[in-house]
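K.L.:
Test case, fold it:
(one chain, ligands or ions: 1)
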Amino acid sequence: MADDTFKKIIAHSKEYGFIFQSSEIYDGLSAVYDYGQLGAELKNNIKRYWWEAMVKLNENIVGIDSAIFMHPTVWKASGHVDAFNDPLIDNKDSKKRYRADVLIEEQREKFQQKIEKEVKKAAKRFGDSFDRAEFERTNQRVLANQEKINIITNRFQTALENNDLDELRQIIIDYEIACPVSGSRNWTEVRQFNLMFDTKLGSVSGDASTIYLRPETAQGIFVNYLNVQKTGRMRLPFGIAQIGKAFRNEIVARQFIFRMREFEQMEMQFFVKPGEEMQWFETWKEKRLKWHLALGFSADKYRFHDHDKLAHYANAAADIEFEFPFGFKELEGIHSRTDFDLNQHQEYSKKKLQYFDNEEGKNYVPYVVETSVGLDRTFLMILANSFEEEVIDKGDGKTDTRTVLKIPAALAPVKVAILPLVKKDGLPEKAREILNTLKFDNNCQYDEKDSIGKRYRRQDAIGTPFCITVDHDSLIDNMVTIRHRDTMKQQRVNIADIEKIIDEKVNMKNLLKQL
Ligand code: GAP
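P.N.:
Here you go, the predicted structure:
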């Protein structure tokens, strides 16, 4: 069912100009996507929501835009040259390559799903008197699955901590994990594979040196820490935000725009006094979850997940996971990165990257709490939450289905469609008059083709919160019909009031004020 919905979302994205496969006329490039005319609008709106939440609402956060190419030593210092690896395993029959850790995590998730199934069954059976905690403590099948989860988690954590690739393989063998494509259990050894793309800088071959396409935007912030701190006269705690492209030679590049080889990140590094990082880590976890929840989708679809294995730079890390149509997966990471990055850059660049604390009268290297969310994953989260196939009762005993994207109004690619009932009698002119007043604040569409019902459906399918219909009476009484996407309710309003009605719903302020 979920798989089916996911396929529909992918098809819908293409059909309505949200997302296209890159270089499609050449049969596409794997795990690379282009955003179409509506996708680009939605993406820009998400970026604006994030940017304003960070930079506008926090007087101690500023934004930058650093280059994709950086000095190669940056990646040596950051640890990416030596440690930005994935443990990979190949299936000998299907010739497909997988991340060993992902295979194991999926197996663990299967045990969890079995528990959830038992709980759901029991909840139905016992009704209001159901006590989940008690049930989980006593039910034999739940306990057996929990035991399995504990054992696999322990082995997995230990293998990751010790970088023990043989043990990772052994877990896959012991749990009889099969290749999702061939169903076979014929696996190779597990090997490490660096995810950075490299290229050459300089046109003369002798001068050429290897540089990397950045795998995260964060390093552009770290190397500019002192520039921003000094020129912006920033005092701790303060943050630097950035939105930009990142590149990873992902192996398990499936699931549409969930895992891409070229993607965008929205990252913020928050520089704090050493010792205060845990308190800020908790604060940013809460603030970031609030940002997601303000979109108005069901809170049940989000959860925190603490990392089993900390990255080489972190002393605490948590993900905000979202229940995508293919299960709960990482949407955003919040990491306490200590002073690792700034220290490393000090060491490799031989330049001091310190902060003078007036109150303490001493210099130190700040600690950093990072929030890092994928723009494309946020886009997919919004599509998955918004996509609905609604069965509508037509009143005559018949039903109809409408496909609607219930995108939060402030993020919708098109805010209002202006529709003359017929394309004659002065109605198009009146409609364009309205469009010409609304277009300065809102992305509008004008549509005069097909029946009004069909035009409403087209706008539902792209998530337009408002349709305005201009009819013959409008010419006389200066009133129009405004139709609301989610309720399909129609309201007769004065043309002079339209701007206010729309603004009350679509203004980004509505989201920002909840934060
Ligand atoms: N600077 C820290 C960092 O890059 P990460 O957990 O590797 O941490 C942060 O990535 C976020 O970037 C993820 O939560 C995800 O939303 C997004 N992301 C990472 N790899 C991605 C990929 N291949 N395709 C799309 N989004 C990705």
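K.L.:
longest helix in this protein, by residue count?
P.N.:
Longest helix in the chain by number of residues, with DSSP state H as the criterion: helix 100-126.
K.L.:
got any ranges where the stretch 1-150 of the chain has weak pLDDT?
P.N.:
Residues of the stretch 1-150 of the chain that meet the criterion pLDDT under 70 lie in 1-3.
K.L.:
Within the helices and strands, which one has whatever residue of it ends up closest to the ligand?
P.N.:
As assessed by Cβ to the nearest ligand atom, the ligand sits closest to residue 31 within the stretch 1-150 of the chain, at 7.6 Å. Glycine gets a C-beta too; all of them are placed from N, C-alpha and C. Element membership of residue 31, judged by DSSP states H and E, is empty: it is in no helix or strand.
K.L.:
Use 19 as the first number from now on
P.N.:
Done: numbering now begins at 19, and the last item shifts to residue 49.
K.L.:
Does at least one residue of the longest helix of the chain sit close to the ligand?
P.N.:
No. No part of helix 118-144 sits near the ligand under the criterion Cβ under 6 Å from any ligand atom; the closest distance found is 12.3 Å.
K.L.:
so what does that helix touch, helix or strand wise?
P.N.:
Helix 118-144 sits against strand 103-109, helix 150-156, helix 158-179, helix 183-192, with contacts defined as 3 or more Cβ pairs under 8 Å, 6 or more residues apart in numbering; DSSP states H and E.
K.L.:
and the stretch 119-268 of the chain, which residues reach the ligand?
P.N.:
Taking Cβ under 6 Å from any ligand atom as the measure of proximity, the stretch 119-268 of the chain contacts the ligand at 234, 236, 266, 268.
K.L.:
mind listing what's buried in stretch 468-476?
P.N.:
Applying a neighbour-count criterion of 16 or more other Cβ atoms under 10 Å, the buried positions in stretch 468-476 are 470, 473, 474, 475, 476.
K.L.:
Spit out the contact partners of the nearest residue to residue 476 once chain neighbours are set aside.
P.N.:
Across the structure, with Cβ to Cβ, 6 or more residues apart in numbering as the measure, the residue nearest residue 476 apart from its sequence neighbours is residue 465 (7.1 Å). Going by Cβ atoms under 8 Å, 6 or more residues apart in numbering, residue 465 touches 435, 436, 437, 473, 476, 477.
K.L.:
how close does residue 465 get to residue 234?
P.N.:
42 Å (Cβ to Cβ, to the nearest Å).
K.L.:
Would you confirm that residue 78 contacts residue 250?
P.N.:
No. With contacts counted by Cβ atoms under 8 Å, residue 78 stays clear of residue 250, the gap being 9.8 Å.
K.L.:
So, low pLDDT: which residues of this structure?
P.N.:
Residues of the chain that meet the criterion pLDDT under 70 lie in 19-21, 221-226, 270-271.
K.L.:
Could you check which residue of it lies nearest the ligand?
P.N.:
Distances from the chain to the ligand, computed as Cβ to the nearest ligand atom, single out residue 392 as the nearest residue at 2.5 Å.
K.L.:
Test my guess that that residue contacts residue 285.
P.N.:
No. Under the criterion of Cβ under 8 Å, residue 392 lies out of contact with residue 285, with a separation of 9.9 Å.
K.L.:
what residues does the stretch 369-518 of the chain put near the ligand?
P.N.:
Within the stretch 369-518 of the chain, the positions near the ligand by Cβ under 6 Å from any ligand atom are 388, 390, 391, 392, 394, 395.
K.L.:
Out of those residues, which two sit at the greatest distance?
P.N.:
The most widely separated members of those are 388 and 394, with 18.5 Å between them, by Cβ to Cβ.
K.L.:
quick one on the thing from earlier: can I get the buried residues of stretch 468-476 in a markdown table including secondary structure?
P.N.:
Shown next, in a markdown table, are the buried residues of stretch 468-476 (DSSP: H, G, I helix; E, B strand; the rest coil):
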| residue | secondary structure |
| --- | --- |
| 470 | helix |
| 473 | helix |
| 474 | helix |
| 475 | helix |
| 476 | helix |
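K.L.:
ends of stretch 503-522, how far apart?
P.N.:
Between the opening and closing residues of stretch 503-522 there is a gap of 15 Å (Cα to Cα, to the nearest Å).
K.L.:
That stretch: how far from the chain's middle?
P.N.:
Shown here is stretch 503-522, whose average C-alpha point lies 31 Å from the average C-alpha point of the whole chain (Cα atoms, centre = their mean, to the nearest Å).
K.L.:
What residues sit buried inside it?
P.N.:
Neighbour-count burial for stretch 503-522 [16+ other Cβ under 10 Å]: 503, 513, 516, 517, 519, 520.
K.L.:
how about those residues, which pair is most distant?
P.N.:
503 and 513 (20.0 Å).
K.L.:
related to what we said a few turns ago, closest one to residue 33 out of the buried residues of stretch 503-522, please.
P.N.:
In terms of Cβ to Cβ, no member of these lies closer to residue 33 than residue 503, at 18.1 Å.
K.L.:
residues contacting that closest one?
P.N.:
When contacts are counted by Cβ under 8 Å, 6+ apart, residue 503 is found next to 422, 424, 477, 478, 481, 482, 483, 484, 485.
K.L.:
Make a markdown table from the residues you listed and add distance to residue 443, neighbour count and secondary structure to it.
P.N.:
Below are these laid out as a markdown table (distance: Cβ to Cβ, whole Å; neighbours: other Cβ atoms under 10 Å; DSSP: H, G, I helix; E, B strand; the rest coil):
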| residue | distance to residue 443 | neighbour count | secondary structure |
| --- | --- | --- | --- |
| 422 | 31 | 21 | strand |
| 424 | 34 | 19 | coil |
| 477 | 23 | 24 | helix |
| 478 | 27 | 21 | helix |
| 481 | 30 | 26 | coil |
| 482 | 25 | 27 | coil |
| 483 | 28 | 24 | coil |
| 484 | 23 | 25 | strand |
| 485 | 20 | 25 | strand |
